[in-house]
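**Student:** quick one: sequence and predicted model below, then my questions.
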Amino acid sequence: MKLLDFTKEHISKASALAMENYEEERRAVPALPPVKRLPDLSDLARNGLGCAAFENGKMVGFLCCLDPWENAFTTNARGTFSPIYAHGAAVRERGRIYHRLYQAAAQKWADAGIASHSVGLYAHDRAAIEAFFQYGFGLRCIDAIRPMQLVAAPACGGFSFFELAPDRRPQLEPLHRQLEAHFEKSPLFMKHTKPDRWLEEKTRLFAAADGEKIAAYVEIADTAENFVTEEPQVQNICGAFCLPEYRGKGLYQNLLNHLIDVLKAEGYTHLGVDYESFNPTALGFWQKYFVSYTSGVVRRIDENVLDAAKPTGRPF
């Protein structure tokens, strides 16, 4: 296997390979919509942090990443992310291909001072998942999807379901604060550094109320964490919370159905959601009604080894 720096000359073949991998996941998850093209790889070729693998003159894999950023996952580490369109590998010996690609690319990342490595993988690509798990990665993020069809929900009388006008957004602030507190507890341990930014978001909000008391809400956005979520027929759940005393009563299923009724009438055909795999509340609910199609894996290398990385010549 020959490993090369990923350049603009590799973009066409890499994009074709990435599309093959997406179609492979679509066969496992029929709810995924068809896409005409994947995001452009030009910036990934420019940053010099990617690698391409060839055998007998044919590209068998590539692994690129976004430009790095500071304070990945609100830590002190510099991080980068390889989205599902930014890498791909042939079916035959896929695990070996990813092992070689990551070994080469990760050295570049370390040379650039990057300690937090994240890769978006397809949920049904067992060879890729096992390859990265073997190299020290763990599951963190999940993207899931469903057709815009109602879920099974018990009768739930006495509640009202509605979309909130933007000027009523502050009414949900107490529930949003409880959601943030939930994220900071075990086993999540996730800190939101700018909690007030939520009040400025332009997302849509739907709620369920018990009389005058708002008991639950769901937040919707046009885009989320990957190119599938940007398809015009897809809407995405980007926030959700139900007061503990109202859980297990079918309230949230009915709120979800109200949301689906509204979005379907507007012409949307798919509903997506993303959540952390180590959020037991979210995992227990969303996996009942949505089908996973990505498994986002993360590795934090020892920052002490970065001192041994090249002190000059870093691209960032």
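**Tutor:** Thanks, I have it.
**Student:** list of residues touching the lowest-mean-pLDDT helix or strand in the chain?
**Tutor:** Every helix and strand of the chain was ranked by mean pLDDT, DSSP states H and E. The lowest is helix 173-184, at a mean of 93. Under the contact criterion CB atoms under 8 Å, 6 or more residues apart in numbering, helix 173-184 has outside partners 188, 190-192, 195, 198-199, 214, 216-217, 239-241, 243, 279, 281. For the C-beta atoms, the positions are set from N, CA and C on the backbone; glycine is no exception.
**Student:** can we see that at 6 Å?
**Tutor:** With contacts defined as CB atoms under 6 Å, 6 or more residues apart in numbering, helix 173-184 is touched by 190, 192, 195, 198, 217, 241.
**Student:** residue 293 and residue 30 touch, don't they?
**Tutor:** No. Judged on CB atoms under 6 Å, residue 293 makes no contact with residue 30 at a distance of 10.6 Å.
**Student:** can I assume residue 92 sits in a strand?
**Tutor:** No. Using DSSP: H, G, I helix; E, B strand; the rest coil, the secondary structure at residue 92 is coil, not a strand.
**Student:** spatially, what comes nearest to it if we skip its sequence neighbours?
**Tutor:** residue 60 (7.9 Å; CB to CB, 6 or more residues apart in numbering).
**Student:** one step back: which one of residue 293 and residue 30 is surrounded by more residues?
**Tutor:** Set residue 293 next to residue 30 and count neighbours by other CB atoms under 10 Å: residue 293 wins out with 23 against 8.
**Student:** how close does the more buried one sit to residue 111?
**Tutor:** 33 Å (CB to CB, to the nearest Å).
**Student:** so the spatially most central residue of the chain versus residue 294, what's the distance?
**Tutor:** The chain has residue 225 as the residue nearest its centroid, 4.4 Å off, counting by CA atoms, centre = their mean. According to CB to CB, residue 225 and residue 294 sit 8 Å apart.
**Student:** identify the contacts common to these two.
**Tutor:** Common contacts of residue 225 and residue 294 (CB under 6 Å, 6+ apart): residue 143.
**Student:** mind listing what's buried along the one helix or strand the residue nearest to residue 92 maps to?
**Tutor:** Following DSSP states H and E, one finds residue 60 within strand 58-63. Of all the residues in strand 58-63, those buried under the rule 16 or more other CB atoms under 10 Å are 59-63.
**Student:** same question for stretch 296-305.
**Tutor:** 296-301.
**Student:** repeat for stretch 110-129
**Tutor:** 110-125, 127-129.
**Student:** same question for stretch 156-171.
**Tutor:** Result for stretch 156-171 [16+ other CB under 10 Å]: buried residues 156, 159, 161, 164, 169.
**Student:** among these, which lie within strands?
**Tutor:** 161, 164 (DSSP state E).
**Student:** from the buried residues of stretch 156-171, which is closest to residue 41?
**Tutor:** Closest approach to residue 41 among the buried residues of stretch 156-171 (CB to CB): residue 169, at 37.3 Å.
**Student:** where does this protein have low pLDDT?
**Tutor:** Confidence mapping of the chain against pLDDT under 70 gives the ranges 193-196, 308-316.
**Student:** quick one, strands of this protein?
**Tutor:** With DSSP E as the criterion, the chain has strands spanning 2-5, 51-55, 58-63, 79-82, 87-89, 116-122, 138-147, 160-164, 204-210, 213-221, 234-242, 270-276, 291-300.
**Student:** could I get the last one in CSV with only the CA atoms?
**Tutor:** What that stands for is strand 291-300. Output in CSV follows, covering the C-alpha atoms of strand 291-300 (Å, rounded to 0.1, in the frame of the first residue of the first chain):
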residue,chain,number,x,y,z
VAL,A,291,-32.5,4.5,13.0
SER,A,292,-28.8,5.4,13.6
TYR,A,293,-26.6,6.0,10.6
THR,A,294,-23.5,7.5,12.1
SER,A,295,-21.2,6.6,15.0
GLY,A,296,-18.9,9.5,15.8
VAL,A,297,-15.8,8.3,17.6
VAL,A,298,-13.2,10.3,19.5
ARG,A,299,-9.7,9.8,20.8
ARG,A,300,-7.7,12.1,23.1
